[in-house]
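**Q** Fold the following and give me the result.
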Amino acid sequence: MIFQPATPLSGVAGLRFLERTQATQQETFDKSPVIARNVANFHEKIGSILTAEELVADRQLLSVALGAFGLDDEIDKKFFIRKILEEGTENNDALAMRFTDPRYRRFSAAFGFGSSLGPRTGEPDFAQRITDAYKTRQFEIAVGNNDTNLRLAMGFKREISEIVASEASDETKWFQILGSEPIRAVFDGGFGLPTQFKLIDIDKQVETLQERTGKLFGSSSPSVFANSENVDALLNRFLARAEAESGPSGNTPGFAALSLLQNASSFGASARINLILSNG
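**A** Residues are numbered from 1 along each chain as shown. Below you'll find the model as predicted:
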């Protein structure tokens, strides 16, 4: 059984609560039997894994490897994953390099099976780096079981910093943002863009994000999100809009009182209707 993180609040208040309590909750989560067992197994075995073929052949190892990069859903695509790993990232024609989603490139580069320098699985701190990322992402998934928007917000804070810190051009960074469904969900929601937005021409999407970013943050460059205040500002917009669109919930402050008022109003209306009908 896996520890389920506490998320008593939604929206901006919920994110602040998670930020205050995450260290403690994460520690408890990491001790969950499934998580602890997967982590221990990875530490024990990964140093002897020297090829992509060996990694994809061990489902438990592969689940941690993919989970560390948010690629959990790819677990059954063994041929695809093996190709991603074996082709590496040094050649622009490599499979991982063809995706705008940066997760595949990071995954392939981290393991180094397709690198001219050879696999990195034997490096002293390799297992720790991968399992730390795995535990963080699994915690976010567990949060998402209660509140999808909070999971998106947590993932956004972690991933946007990786994108803006890269040496890629601004244009490439915008394509990477659009290529990551969780990250673009925060941008789309924060900027109030319609669901049909993702269906328009990709260059127009980039242009729109640049325009909205420039108006709100004074620059159209993704580098503005290297500033934590700007990250928080966009997340606040995203969470506020999401909460407004979904309406009040059991986690919304004052929800109980609002429910009582609504029920009382409905009861009063029903009583009046029954009175009218009885006097028909």
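
**Q** can we go C-alpha only for contacts and neighbour counts from here?
**A** OK.

**Q** Where do the helices of the stretch 51-200 of the chain begin and end?
**A** In chain order, the stretch 51-200 of the chain shows helices spanning 52-57, 59-67, 78-87, 102-111, 126-144, 148-165, 170-179, 181-190, with DSSP state H, counting those that start in this stretch as the criterion.

**Q** got CSV for the ones you listed, with distance to L209 too?
**A** Shown next, in CSV, are these (distance: least, C-alpha to C-alpha, whole Å):
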stretch, distance to L209
helix 52-57, 37
helix 59-67, 29
helix 78-87, 30
helix 102-111, 18
helix 126-144, 26
helix 148-165, 14
helix 170-179, 8
helix 181-190, 8
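
**Q** For Q22, which of these is the nearest?
**A** Between Q22 and those, the tightest spacing by C-alpha to C-alpha is seen for helix 126-144, at 9.3 Å.

**Q** so what does the closest one touch, helix or strand wise?
**A** In terms of contacts (3 or more C-alpha pairs under 8 Å, 6 or more residues apart in numbering; DSSP states H and E), helix 126-144 is packed against helix 11-30, helix 33-45, helix 59-67, helix 148-165.

**Q** Swap in 6 Å and give it another go.
**A** Packing partners of helix 126-144 (3 or more C-alpha pairs under 6 Å, 6 or more residues apart in numbering; DSSP states H and E): helix 148-165.

**Q** buried set for the helix it packs on?
**A** 149-157, 159-161, 163-164 (16 or more other C-alpha atoms under 10 Å).

**Q** and for it, what are the contacting residues?
**A** Contact partners of helix 148-165, identified using C-alpha atoms under 6 Å, 6 or more residues apart in numbering, comprise 140, 143-144, 182-183, 223.

**Q** Can you tell me which of those are classed as buried?
**A** Applying 16+ other C-alpha under 10 Å to the contacts of helix 148-165, the neighbour count classes 140, 143-144, 182-183, 223 as buried.

**Q** Of all these, the one with the weakest confidence?
**A** Comparing pLDDT over the buried ones among the contacts of helix 148-165 singles out P182 as the least confident position, at 86.

**Q** Could you check how far that one is from Q128?
**A** Per C-alpha to C-alpha, to the nearest Å, P182 is found 25 Å from Q128.

**Q** do G118 as well
**A** When distance is defined by C-alpha to C-alpha, G118 is 19 Å away from Q128.

**Q** cool, and H43?
**A** The spacing between H43 and Q128, counted by C-alpha to C-alpha, is 7 Å.

**Q** any common contacting residues for these two?
**A** Counting by C-alpha under 6 Å, 6+ apart, H43 and Q128 have no common neighbour.

**Q** For the stretch 101-250 of the chain, give me the ranges with low pLDDT.
**A** By pLDDT under 70, the low-scoring segments of the stretch 101-250 of the chain are 247-250.

**Q** Just the buried positions in stretch 23-35, please.
**A** Residues of stretch 23-35 classed as buried under the neighbour-count rule (16+ other C-alpha under 10 Å) are 25-26, 29-30, 35.

**Q** ok, of those residues, which one's closest to L209?
**A** Comparing the buried residues of stretch 23-35 against L209 with C-alpha to C-alpha places Q26 closest, at 33.5 Å.

**Q** tell me how far stretch 39-50 is from the chain's mean position?
**A** Relative to its parent chain, stretch 39-50 has a centroid offset of 26 Å by C-alpha atoms, centre = their mean, to the nearest Å.

**Q** domain assignment for this protein?
**A** As given by automatic domain parsing, the domain ranges for the chain are 11-144, 168-244.

**Q** In TSV: those, plus distance to F3.
**A** Below are the domains of the chain laid out as TSV (distance: least, C-alpha to C-alpha, whole Å):
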stretch	distance to F3
domain 11-144	5
domain 168-244	23
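
**Q** which residues does G122 contact?
**A** Residues touching G122, when contacts are defined by C-alpha under 6 Å, 6+ apart, comprise G47.

**Q** Please shift the residue numbers so they start at 54 in all later answers.
**A** Taking 54 as the first residue, the last one we looked at is G175.
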